[in-house]
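Colleague: all I have is the shape, not the residue letters:
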């Protein structure tokens, strides 16, 4: 099972803190959380204050760090097969994912320790992913970004099957 995920965080600096994480499996199952105990408004860059924070859902999405570890771990272990995490930024998203499960005993047993980097052809990025944002998904909302990436990935897989001889070397 491939699980697409995205994170939002306070800044691009070393002292950044996680704000939210969104995950969407290839079969459509979703998980979304906003952290309540990892950051303060003052930690956020101007971009995050203006663009990311207004998109937060609040309510049931809000979790403290402990609840995130426990609930996300259980959600991932609910898959009855190995899980490969997929993101479009190993440097940021994967780093945050691994920080969530910093204790070895909390790493979900079925989750591969090696992520897959999502690299879509430009035509899919422009037509499928950007179209998803044009049609209502919110850019820089962790769950919506994961949803858009999943749509792009599914289209890429469909094209690979449709034009298999062209993609044999990929």
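Modeller: Yep, that arrived. Being a predicted model, the structure only gives us computed values, none of them experimental.

Colleague: may I see the buried residues of stretch 108-120?
Modeller: 108, 111, 115, 116, 118, 120 (16 or more other Cβ atoms under 10 Å). Backbone N, C-alpha and C define where each C-beta goes, glycine included.

Colleague: kindly check the end-to-end length of it for me.
Modeller: One end of stretch 108-120 to the other measures 27 Å (Cα to Cα, to the nearest Å).

Colleague: what does stretch 81-99 give?
Modeller: 23 Å.

Colleague: got the contact list for residue 121?
Modeller: Applying Cβ atoms under 8 Å, 6 or more residues apart in numbering to residue 121 gives the contacts residue 156.

Colleague: helix, strand or coil for residue 33?
Modeller: Under the three-state scheme (DSSP: H, G, I helix; E, B strand; the rest coil), residue 33 adopts strand.

Colleague: dig out what it forms beta bridges with.
Modeller: Per DSSP bridges, the residues bridged to residue 33 are residue 21.

Colleague: what about it, neighbour count?
Modeller: 26 (other Cβ atoms under 10 Å).

Colleague: repeat for residue 141
Modeller: 22.

Colleague: same deal with the one 4 residues further on?
Modeller: For residue 145, the neighbour count with other Cβ under 10 Å is 26.

Colleague: and it, backbone torsions?
Modeller: phi -60, psi -40 (degrees, to the nearest 10).

Colleague: would you list the phi and psi of the closest residue to residue 90 other than its chain neighbours?
Modeller: Ranked by Cβ to Cβ, 6 or more residues apart in numbering and with sequence neighbours excluded, the top spatial neighbour of residue 90 is residue 117, at 5.5 Å. Main-chain torsions, residue 117, degrees, to the nearest 10: phi -90, psi 120.

Colleague: what sits against residue 117?
Modeller: 86, 87, 88, 90.

Colleague: narrow the residues you listed to those that are buried.
Modeller: Counted by 16+ other Cβ under 10 Å, the contacts of residue 117 give 86, 87, 88 as buried.

Colleague: nice, that's everything, thank you.
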